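Peer 1: Please find the sequence and the predicted model below.
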Amino acid sequence: MNDDDFNKRFNGMVFNTSWTQPYNISMNPVYQQPTVQEEMQRIETIDSWVEAMSYYPDAENLIKGIMQEK
């Protein structure tokens, strides 16, 4: 053994870890694919939000930054 023994560095403390692979990731809603109808509803909702906006601060900031560089 060398002088840099793990047990000596941590005064004999024991560290245990474990991890289990999920058997069926399709049970997790994060991995489930939305249906076409659900995706279309999301797109329509986002479109209505954009239509309701009177100004676009992110786009204005990008354009302002580009114009200042010239």
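Peer 2: That came through, no problem.
Peer 1: Okay, and residue 63 sits in which element?
Peer 2: helix 57-69 (DSSP states H and E).
Peer 1: Any stretches of this protein with poor pLDDT?
Peer 2: Across the chain, the ranges flagged by pLDDT under 70 are 1-9, 12, 22-31, 70.
Peer 1: how about the helices in it?
Peer 2: 6-9, 36-52, 57-69 (DSSP state H).
Peer 1: Export these as JSON lines, with columns for distance to residue 18 and mean neighbour count.
Peer 2: From N, CA and C alone the C-beta is placed, and that goes for glycine too. Output for the helices of the chain, formatted as JSON lines (distance: least, C-beta to C-beta, whole Å; neighbours: other C-beta atoms under 10 Å):
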{"stretch": "helix 6-9", "distance to residue 18": "19", "mean neighbour count": "10"}
{"stretch": "helix 36-52", "distance to residue 18": "36", "mean neighbour count": "10"}
{"stretch": "helix 57-69", "distance to residue 18": "44", "mean neighbour count": "9"}
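Peer 1: Would you format these as CSV with distance to residue 21 included?
Peer 2: Output for the helices of the chain, formatted as CSV (distance: least, C-beta to C-beta, whole Å):
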stretch, distance to residue 21
helix 6-9, 27
helix 36-52, 28
helix 57-69, 40
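Peer 1: Please consider this matter closed, and thank you.
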